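# Coordinates for the following, if possible.
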Amino acid sequence: MLEAVPQADQALLTEPEAQRIARTAADVVQEVARVVEGKPRAIRLAMTVLLADGHLLLEDVPGVGKTLLAKALAAALGARRARIQFTPDLLPGDVTGASVLDPSTGAFSFRPGAVFTHILLADEINRASPKTQSALLESMEERQVSVDGETYVLESPFMVVATANPVEMEGTYHLPEAQRDRFLAQTSLGYPAHDAELRMLAVQTGPLAASAREASDEIRARTSPEQIAADIRAIRRVHASPALLDYVVRLAAGTRDHGQVVLGASPRATVHLVRMLKAHAAMEGRVFVLPEDVRGVIGPVWRHRLHLAPQALSRGVSAADVLRDVLASTPLER
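You can find the predicted model right below:
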């Protein structure tokens with residue numbers, strides 16, 4: 001059997017720590033849900049990705065609340081936020097920053113770009129050129145920016161919440177595979193349920209609607225960036241047994257060997273999955289990962305990384321179908 005409960009070890013996360021993290025996460029999720037109607041699963045996923053020290057890709061049609069979710073999350077964390085509206089003429093220096101000549105001294109000084117924040121909203125990321133999209137790669141993976149031979153470290157927490165429109169829409173580009181692999185998870189919000197949309201209409205068009213303030217401005221901070229950074233470090237101490245890690249590696253191999261897949265889960269994908277599993281366990285108040293956690297977490301973490309063969313796409317096979325096949329054919333134990 002896969003090991004569930006670890007042996008006593010002072011290096012592991014303690015139950016009181018896990019329960020405190022779970023309470024804080026629940027408070028943040030509840031606060032964001034006040035303005036993002038009818039999307040509890042997406043909100044919880046965003047919080048899990050943050051605690052896993054990752055980045056989130058929201059792919060959906062315009063107008064379903066992707067931008068509002070990112071703003072509300074930053075407000076509930078009491079964190080700084082910045083927004084980049086990706087357009088075809090956006091330059092890499094607009095994202096990372098650039099060295100600027102100071103006329104008074106004749107020397108160059110670094111002017112930080114939008115990535116120097118806690119929550120970065122990369123709005124409509126696939127409307128910019130691939131070169132500009134790639135400007136985010138170093139900051140997303142290494143939490144630093146290199147400009148003119150100098151390296152500048154980003155603060156923790158740092159999370160990119162990128163929104164992307166369907167590639168069928170006019171003016172969009174495909175995200176490079178290397179960049180998609182940097183996103184720990186991907187999801188879509190979808191259209192709201194009938195009752196949720198009715199409540200949204202009543203609030204945003206009624207007499208109490210704020211004319212000059214956004215809905216996210218009504219959010220109260222339920223934690224702090226410093227506490228979230230400490231929680232991210234603590235979650236690394238959640239126990240994942242050697243047998244569970246072996247299971248994750250075998251699942252990755254299953255995607256690479258699948259007949260419908262051209263590009264399977266990368267080694268980075270396995271690292272991201274384990275980090276997500278640990279964050280999920282902590283948000284449940286647990287100090288260890290359960291085998292059944294994998295089935296509930298793997299979809300958002302791996303779906304966007306699988307590159308299917310053309311013949312599979314022509315038959316309507318999806319990445320979710322492939323993952324179901326791999327889960328069904330990979331036993332928990334060797």
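# Show me the helices in the stretch 1-150 of the chain, by range?
15-33, 40-51, 66-77, 92-96, 130-133, 137-142 (DSSP state H, counting those that start in this stretch).
# Mind giving me the packing neighbours of the longest one?
Put plainly, it is helix 15-33. Helix 15-33 sits against helix 40-51, helix 66-77, helix 225-235, helix 267-283, with contacts defined as 3 or more Cβ pairs under 8 Å, 6 or more residues apart in numbering; DSSP states H and E. Backbone N, C-alpha and C define where each C-beta goes, glycine included.
# tell me the strands in the stretch 201-334 of the chain, going along the chain?
Applying DSSP state E, counting those that start in this stretch to the stretch 201-334 of the chain gives strands spanning 261-263, 307-308.
# Neighbouring strands of the last one in the sheet, and parallel or not?
Right, the one you point to is strand 307-308. Here strand 307-308 is paired, per DSSP bridges, with strand 261-263 (antiparallel).
# Apart from its chain neighbours, what residue comes closest to R180?
H304 (5.4 Å; Cβ to Cβ, 6 or more residues apart in numbering).
# With F116 instead?
L154 (6.5 Å).
# my guess is the one you found contacts R143, does it?
Yes - between L154 and R143 there is a contact under Cβ atoms under 8 Å: 4.7 Å.
# Could you check which of those two is surrounded by more residues?
A direct count of neighbours by other Cβ atoms under 10 Å for L154 and R143 places L154 higher, at 19 against 15.
# From S266, how far off is H307?
11 Å (Cβ to Cβ, to the nearest Å).
# Between the two, which has more neighbouring residues?
S266 (17 against 13).
# Now do the contacts for the nearest residue to the more buried one once chain neighbours are set aside.
Excluding the flanking residues, the one nearest S266 by Cβ to Cβ, 6+ apart is D181, at 5.7 Å. Residues near D181 by Cβ atoms under 8 Å, 6 or more residues apart in numbering: 266, 268-269, 305.
# give me that answer again for 10 Å
137, 140-141, 175, 263, 265-269, 272, 304-305 (Cβ atoms under 10 Å, 6 or more residues apart in numbering).
# Kindly report the same for W302.
With Cβ under 10 Å, 6+ apart, W302 has these contacts: 185-186, 251-252, 255, 264-266, 269-270, 272-273, 276, 319-320, 322-323, 326.
# hmm, try it at 7 Å
265, 269, 273, 323 (Cβ atoms under 7 Å, 6 or more residues apart in numbering).
# I'd like the distance between the third one and A98.
Distance, L273 to A98, by Cβ to Cβ: 36 Å.
# Looking at these two, which one has more neighbours?
Using other Cβ under 10 Å as the criterion, L273 and A98 rank with L273 on top: 23 against 16.
# From what I see, the more buried one and V248 are in contact.
Yes - with contact defined as Cβ atoms under 7 Å, L273 counts as touching V248 (5.7 Å).
# Rebuild the helices and strands packed on helix 15-33 as CSV, extending it with mean pLDDT.
Putting those into CSV (pLDDT from 0 to 100) gives the following:
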stretch, mean pLDDT
helix 40-51, 95
helix 66-77, 89
helix 225-235, 96
helix 267-283, 97
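# which one of those helices is the most hemmed in?
Ranked by mean neighbour count under mean count of other Cβ atoms under 10 Å, the helices and strands packed on helix 15-33 are led by helix 66-77, which reaches a mean of 25.
# quick check: angle from that one to helix 40-51?
Between helix 66-77 and helix 40-51, the angle comes out at 60 degrees (axes from the mean of the first three to the mean of the last three Cα atoms, to 10 degrees).
# Which neighbouring elements make contact with helix 66-77?
Secondary-structure packing of helix 66-77 (3 or more Cβ pairs under 7 Å, 6 or more residues apart in numbering; DSSP states H and E): helix 15-33, helix 40-51, strand 119-123, strand 159-164.
# Out of these, which one sits most buried?
strand 159-164 (a mean of 26).
# would Q186 count as being in a strand?
Yes - according to DSSP: H, G, I helix; E, B strand; the rest coil, Q186 belongs to a strand.
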